[in-house]
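*Asks:* Provided below for reference: sequence and predicted model.
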Amino acid sequence: MRLVSKHILRDDEAINKLCPESYNDLWTIFNLIELGDHVSAKVSNREKTVTSSGAVRSGRIVETVIVEVEDVKFEPSEGAVEVSGKVAHGTRALTRGSNRNMTITEGLVVGIRKPLGGWSRDAIKLLRESVAAPANTVAMCLLFERKSASLFFVSNNVVLQKFHIKTSKASVKDSNVNLDAEGLNPRTVDLFRQTIHAMRSSIPDHIYQEVPLFAVASTGFLAEQFVGLVGSDPNNIPQGLYNNRDKFQVVTLPSGSSTSLHHVFKALDIETNISKEQEVWENFLTMLARTPDRVCYGFEACLMAAADGNIKMLLVADAAMKTLPKSSKYDFATYRTAIDRLIQTCRENGVDVHVLSSVSPAGKQLKDFSGFACQLFQPVQGM
């Protein structure tokens, strides 16, 4: 993350200007923005003018728009953060209070102001870590199933799915992908042909040089067959892929695995926030199955456990911190203050607190558990 301001500002009226430079930075932007924040950026708006003769003309102008946030979403497949809300200050093209959507992508300078509660300690910590952190992708992961293939870019906090393809009766009509795949069945050849076609059309050659690790995984022999094919057929393989084939790491996945990426992380000892999140979440699920009286989930249940000093580990889904449950008895400002107080109290008492990313499998599953869960010191019945 590039900090456009000279230094990080902390006071309530401070506007920290940031420029995301990677998917990781976009994830950070998503976690920094809260309901009620004022987010500003230079965007293109359509303006209508009336000439002296009465004719109406329209054109586009670039101006700074400030949106009071009502909703924020992270779209990892599109590499963007989507912000929607009301225009906080009128402009030439927009009136105050009108609805406005804003798409934040890499390279767009964004200002964030927090008029409701100011910059919290956690927000400042996250911002500092992001500014100091490298933006590089940790690994590329190509996952094969019997009839499909998916390619992921993995950074510290984000997994971006670059493409997902399925085999079909009709092969890719690409004369440049003519594989010498003797001994492979037609469906496998078609799958490899479509995979290479997708990689050639969506990934520049220099990316293969910059990424330190390329994992190729499958439950059977597809990964080994693909790696062997790449090494034996340089004329029909993207040059960057062929030249960096020494980065390949073949991983055999457990049959029927629904958390394939997690198994890749474990097999290759890839340390990311997402891999750590998956580990603590699986520990919670194991305890829920074996000793259900030593865990609880739900916001109110976690509040009660915290009041009794009975929380050993707290898990919070970042998505749950941004939306008010329909059944909630709070307004959003009160609800968010209660969440921050819960997290702060737990940390002051030495509790392990994990905020799980909504773009990770663990974070998505935790959201289905109401977004809050904890492990307990002492067993409690009926939590």
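*Replies:* Thanks, I have the structure now.
*Asks:* is it fair to say residue 153 lies in a strand?
*Replies:* Yes - the assignment for residue 153, made by DSSP: H, G, I helix; E, B strand; the rest coil, places it in a strand.
*Asks:* Offset the numbering so it begins at 35, please.
*Replies:* Will do, 35 is the new start, and the previous item becomes residue 187.
*Asks:* Using the three-state scheme, assign the residue lying closest to it once chain neighbours are set aside.
*Replies:* Beyond its immediate neighbours in the sequence, the residue positioned closest to residue 187 (CB to CB, 6 or more residues apart in numbering) is residue 194, lying 4.5 Å away. The C-beta positions use only the backbone N, C-alpha and C, and glycine is treated the same way. Following three-state DSSP, the label given to residue 194 is strand.
*Asks:* Kindly report the same for residue 274.
*Replies:* helix.
*Asks:* Would you mind measuring from the residue nearest to residue 187 to residue 58?
*Replies:* With distances defined as CB to CB, to the nearest Å, the gap from residue 194 to residue 58 amounts to 10 Å.
*Asks:* Quick check: pLDDT value at residue 402.
*Replies:* Per-residue pLDDT puts residue 402 at 88.
*Asks:* quick one, phi psi at it?
*Replies:* phi -70, psi -20 (degrees, to the nearest 10).
*Asks:* residue ranges of the helices in the stretch 235-384 of the chain, please?
*Replies:* Counting by DSSP state H, counting those that start in this stretch, the stretch 235-384 of the chain forms helices over residues 239-244, 256-266, 273-277, 294-302, 307-324, 333-341, 366-382, given from the N-terminal end onward.
*Asks:* hey, which of those is tucked in deepest?
*Replies:* Burial of those is given as mean neighbour count (mean count of other CB atoms under 10 Å); helix 294-302 ranks first at a mean of 20.
*Asks:* Packing partners of that one?
*Replies:* Of the remaining helices and strands, those touching helix 294-302 by 3 or more CB pairs under 8 Å, 6 or more residues apart in numbering; DSSP states H and E are strand 173-178, strand 248-252, strand 282-286, helix 307-324.
*Asks:* Just the C-alphas of that helix, formatted as CSV.
*Replies:* Included here for helix 294-302 are C-alpha records, laid out as CSV according to Å, rounded to 0.1, in the frame of the first residue of the first chain:
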residue,chain,number,x,y,z
SER,A,294,-7.9,-27.9,-1.8
LEU,A,295,-6.0,-24.7,-1.4
HIS,A,296,-5.6,-25.3,2.3
HIS,A,297,-4.0,-28.7,1.6
VAL,A,298,-1.7,-27.0,-0.9
PHE,A,299,-0.6,-24.5,1.8
LYS,A,300,0.0,-27.3,4.3
ALA,A,301,1.9,-29.5,1.9
LEU,A,302,4.2,-26.7,0.7
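*Asks:* Which one, of the helices of the stretch 235-384 of the chain, ends up nearest to residue 401?
*Replies:* In terms of CB to CB, the element of the helices of the stretch 235-384 of the chain nearest to residue 401 is helix 307-324, at 11.3 Å.
*Asks:* what angle do that closest one and helix 294-302 make?
*Replies:* Direction vectors for helix 307-324 and helix 294-302, defined by axes from the mean of the first three to the mean of the last three CA atoms, to 10 degrees, enclose an angle of 110 degrees.
*Asks:* helices or strands up against helix 307-324?
*Replies:* Identification of packing neighbours for helix 307-324 by 3+ CB pairs under 8 Å, 6+ apart yields helix 294-302, strand 329-331, strand 345-351, strand 386-390, helix 395-402, strand 406-410.
*Asks:* List the contacts of residue 178.
*Replies:* By CB atoms under 8 Å, 6 or more residues apart in numbering, residue 178 lies in contact with 225, 250, 251, 252, 256, 257, 260.
*Asks:* Can you tell me which of the residues you listed is closest to residue 180?
*Replies:* Distance from residue 180 was checked for each of those by CB to CB. The minimum falls on residue 256, at 7.7 Å.
*Asks:* rewinding a little: least reliable of the helices of the stretch 235-384 of the chain by average pLDDT, please.
*Replies:* Sorting those by mean pLDDT places helix 294-302 lowest, at a mean of 81.
*Asks:* tell me which strands and helices the lengthiest strand in the chain is in contact with?
*Replies:* When every strand of the chain is counted residue by residue (DSSP state E), the longest turns out to be strand 90-109. Contact partners of strand 90-109 among helices and strands, from 3+ CB pairs under 8 Å, 6+ apart: helix 57-66, strand 72-84, strand 114-121, strand 133-138.
*Asks:* Now these in TSV, please, with extra columns for mean pLDDT.
*Replies:* Shown next, in TSV, are these (pLDDT from 0 to 100):
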stretch	mean pLDDT
helix 57-66	86
strand 72-84	79
strand 114-121	92
strand 133-138	92
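*Asks:* Name the stretch among the ones you listed that sits most buried.
*Replies:* Taking mean count of other CB under 10 Å as the contact definition, the stretch among the helices and strands packed on strand 90-109 with the greatest mean neighbour count is helix 57-66, which reaches a mean of 25.
*Asks:* got a list of contacts for it?
*Replies:* Contacts to helix 57-66, defined as CB under 8 Å, 6+ apart, come from residues 35, 52, 54, 106-108, 110, 113-115, 138-140, 144, 146, 157, 160-161, 164, 167, 169, 171, 187, 189-192, 194, 352, 389, 391, 393.
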